[in-house]
Structure formats: structure tokens, C-alpha cells
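Asks: Fold the following for me, if possible:
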Amino acid sequence: MRTTDINRLLGAATALYGAAIMARPEWLAKPCALPLEPGGRVPQDTGLLIRAFGSRDLVIGLAMVAATGEDTRRLATWCRVAADTSDAVIFGTQLPHRQARLKAAGAAVSWAALCALSLRNIRS
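Replies: Got it, this is the predicted structure:
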């Protein structure tokens with residue numbers, strides 16, 4: 001499998017995850033140990049912010065999939081790396097519980113690293 005194919009696969013996974021948390025914000029809220037309403041529902045304001053994260057991930061992921069030139073693919077992927085790095089910093093320092101901070105920051109750093117590695121030898 002070519003590096004470009006791996007990069008597109010990571011973009012597709014990013015887009016799917018973005019769409020998933022837009023539809024089901026609890027899939028991000030629960031692992032982050034964010035407060036839930038009785039019955040496990042995500043509060044409206046929390047859901048709004050999670051959906052904003054999801055839309056960002058959806059758009060960046062689609063850009064990674066659709067990019068046709070090397071420069072465009074690199075730019076889209078660096079946007080993904082920057083978003084995941086900022087998520088790692090924010091979630092890693094601001095989530096209410098230590099275990100959730102470690103889990104969320106670890107996932108974000110791992111995804112940023114995978115996306116950065118996928119930039120090696122990019123060819124359109």
C-alpha cells in the first residue's frame with residue numbers, strides 16, 4: 001500500500017469519526033468523562049461543542065481524502081496534525097479526571113503521529 005493510500009485511509013477514518021460524534025456526541029463525552037444528564041444524555045451545550053469538533057474532523061478528513069496535489073495533501077494533513085495536537089494539549093490539561101485526560105491526550109497524540117508519519121513520501 002502506498003503512503004498516499006494510507007494517508008487517504010486516515011483521512012476517511014477521521015471523517016467517519018467526525019460524522020459519528022456529530023450524530024452521537026456521547027461517543028466522545030463518555031471517554032472524556034464529561035458530565036452527562038440522567039439517562040446518559042449529553043447536555044445540550046456539551047453536545048454543541050462536540051458537534052463542532054466533529055464537523056472540524058469531518059471537513060479535515062474529507063480534505064485529506066479528496067486532496068489531489070502533494071502540497072494540498074500535505075496542508076490538509078498538517079491541519080489534522082495541528083488539530084490533534086491542540087486536542088491533546090486541551091484534553092490532557094483540562095478534562096476533569098486524570099484517567100480521562102491521559103486516555104484522550106494519548107489518543108490525540110497517537111492520531112497526530114500516525115497522520116504525520118503518513119506524510120512520508122507522499123505522491124499524488
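
Asks: what ranges do the helices span in this structure?
Replies: 3-23, 26-29, 44-66, 70-94, 98-117 (DSSP state H).

Asks: how about these, which one is nearest residue 37?
Replies: Comparison of these against residue 37 by C-beta to C-beta identifies helix 44-66 as nearest, at 9.0 Å. No exception for glycine: its C-beta is placed from N, CA and C like everyone else's.

Asks: Can you list the buried residues in the closest one?
Replies: 46-47, 50-51, 53-54, 56-58, 60-65 (16 or more other C-beta atoms under 10 Å).

Asks: Of those residues, which pair is most distant in space?
Replies: Top of the distance list for the buried residues of helix 44-66 (C-beta to C-beta): 46 and 65, 28.4 Å.

Asks: Present the helices of the chain as a markdown table; the columns should include distance to residue 37 and mean pLDDT.
Replies: Converted to a markdown table, those look like this (distance: least, C-beta to C-beta, whole Å; pLDDT from 0 to 100):
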| stretch | distance to residue 37 | mean pLDDT |
| --- | --- | --- |
| helix 3-23 | 17 | 94 |
| helix 26-29 | 10 | 96 |
| helix 44-66 | 9 | 97 |
| helix 70-94 | 21 | 96 |
| helix 98-117 | 18 | 96 |
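
Asks: Cool, thanks, signing off.
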